[in-house]
Structure formats: structure tokens, C-alpha cells
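J.: How does the following fold in three dimensions:
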Amino acid sequence: NTSVSASQTPLDAVVIGAGFAGLYALHRLREMGLNVQGFEAGSGVAGTWYWNRYPGARTDSASEVYQYWFSDALLKDWNWSERFPAQAETERYLNFVADRLDLRPMIRFNNRVTHAHWDAAANLWDVRTARACLGRHPNSLGDYSVTEGVGKCHVERKSMADAHTTLLGWNDGHRERFEC
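T.: Numbering: from 1, shown residues only. Here you go, the predicted model:
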């Protein structure tokens with residue numbers, strides 16, 4: 001592993017995003033004993049449910065689908081108020097999970113990843129953020145795995161008119177257009 005700086009421990013993995021996928025990835029990678037760091041563009045967890053606050057925003061699947069099943073304690077200690085939860089309740093659930101699993105200390109909030117490039121010759125990722133993690137200069141991290149947990153429809157929407165968005169992204173190594 002290559003150190004970020006002389007004062008920091010080398011990373012085994014980086015997780016981009018703190019929504020459902022990102023929180024689960026942080027939890028599992030830590031359980032595996034890896035030194036992992038999360039990056040989140042927003043000031044809080046919940047991914048799509050943090051960014052999309054338009055009136056009427058809610059899940060389109062029953063609440064049983066919008067919860068983690070890997071922990072009996074999480075299942076026991078959270079009770080959904082309705083079958084198809086609204087945005088605010090789903091965001092509260094993800095905050096509950098982040099706190100219960102003590103994931104917040106692993107996440108650098110307000111820190112958007114602007115660059116992630118695999119250097120095949122060096123066998124490492126070069127990941128940079130919009131602001132320095134230490135408050136001094138743009139970040140470049142070394143030899144580790146990168147896990148993206150931002151989802152296909154993570155773009156902020158403030159109204160129903162904004163709810164349908166076309167995104168360009170990568171899927172299995174191919175450029176694709178996603179309709180959200």
C-alpha cells in the first residue's frame with residue numbers, strides 16, 4: 001500500500017457516496033478488517049434520499065425493500081410508519097443506520113470526488129476530491145480499491161419538474177444513458 005501522506009494510514013478501499021450502497025460497503029469492508037474511507041458530496045448520509053426533497057418524494061417500493069436485512073438489531077430497532085415511506089423517513093432511517101453502525105467517522109462529508117483513474121502500470125487508483133481532505137490541497141490517494149455507491153439517480157431534484165433526468169454514466173465499463 002502507498003501512504004496518502006506520512007501522517008496518514010494507507011487505505012485499502014475508498015467508497016464514493018453515503019447512500020444505501022455506500023453505507024453497506026463501508027460496513028462490510030470494515031467488517032473484513034480493511035482500512036476504508038468514504039467520501040460524500042453532501043453534508044449528511046442518505047444519498048438519493050438526502051438530495052431529493054421535492055414535495056411528495058417517497059419510495060416506490062414497500063418499506064421492507066428499503067431496509068438492510070444483514071442485522072437483526074437494525075430490523076428490530078426500526079419501525080416504518082407507513083408501507084411506502086416518504087423521503088424524510090427514508091433519510092431518517094439511513095441516519096439511524098449510520099449512527100447505529102458508527103459509520104460517520106469513516107466518511108469525509110462535503111467532499112466530492114472529482115477524479116478516479118486506474119493506473120494499470122502502477123496497479124493503483126488515483127482519486128482526487130474537490131477540496132483537500134486535510135484542508136491544504138487537492139487529494140491524491142494511493143493503492144486501494146474504489147467502490148462507487150452513488151447510484152444511477154443521485155442528482156439533486158427540488159421539484160417534480162426536475163424529477164425526470166437523463167444521466168450519462170458507466171455501466172459494466174460501457175458509457176450508458178440512464179433515465180431517472
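J.: How much space separates residue 79 from residue 71?
T.: The spacing between residue 79 and residue 71, counted by C-beta to C-beta, to the nearest Å, is 15 Å. From N, CA and C alone the C-beta is placed, and that goes for glycine too.
J.: Compare neighbour counts for these two and give me the winner.
T.: Using other C-beta atoms under 10 Å as the criterion, residue 79 and residue 71 rank with residue 71 on top: 14 against 7.
J.: For the more buried one, give me its contacts.
T.: Shown in contact with residue 71 (C-beta atoms under 8 Å, 6 or more residues apart in numbering): residue 101.
J.: Same check on residue 118?
T.: 124, 125, 126.
J.: May I ask which of those has the most neighbours?
T.: Neighbour counts for the contacts of residue 118 (other C-beta under 10 Å) peak at residue 125, which has 20 neighbours.
J.: where exactly do the strands run in the chain?
T.: Along the chain, the stretches classed as strands by DSSP state E are 13-16, 36-39, 107-108, 113-119, 124-129, 145-148, 166-171, 174-179.
J.: Only alpha carbons, please: show the second one as CSV.
T.: What that stands for is strand 36-39. The C-alpha trace of strand 36-39 is given here as CSV (Å, rounded to 0.1, in the frame of the first residue of the first chain):
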residue,chain,number,x,y,z
VAL,A,36,-11.6,2.2,4.3
GLN,A,37,-12.5,5.9,3.7
GLY,A,38,-15.9,7.2,2.5
PHE,A,39,-16.4,10.4,0.5
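J.: Give the buried residues for the longest helix along the chain.
T.: Ranked by residue count under DSSP state H, the longest helix found in the chain is helix 87-100. Under the neighbour-count criterion of 16 or more other C-beta atoms under 10 Å, helix 87-100 has 87, 89, 90, 91, 92, 93, 94, 95, 97, 98 buried.
J.: pretty sure the second one is touching residue 80, no?
T.: Translated: residue 89. Yes: the criterion here is C-beta atoms under 8 Å, and residue 89 meets it with residue 80 at 6.9 Å.
J.: Common neighbours of those two, please.
T.: Between them, residue 89 and residue 80 share no contacting residue under C-beta under 8 Å, 6+ apart.
J.: re the thing from before, rebuild the buried residues of helix 87-100 as CSV, extending it with distance to residue 43 and pLDDT.
T.: CSV is the format used below for the buried residues of helix 87-100 (distance: C-beta to C-beta, whole Å; pLDDT from 0 to 100):
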residue, distance to residue 43, pLDDT
87, 16, 95
89, 19, 96
90, 17, 95
91, 12, 96
92, 16, 96
93, 18, 96
94, 14, 96
95, 12, 97
97, 17, 97
98, 13, 98
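J.: Any chance of those residues in CSV with distance to residue 21 as columns?
T.: Listed next are these as CSV, based on distance: C-beta to C-beta, whole Å:
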residue, distance to residue 21
87, 18
89, 19
90, 14
91, 15
92, 18
93, 15
94, 11
95, 16
97, 12
98, 13
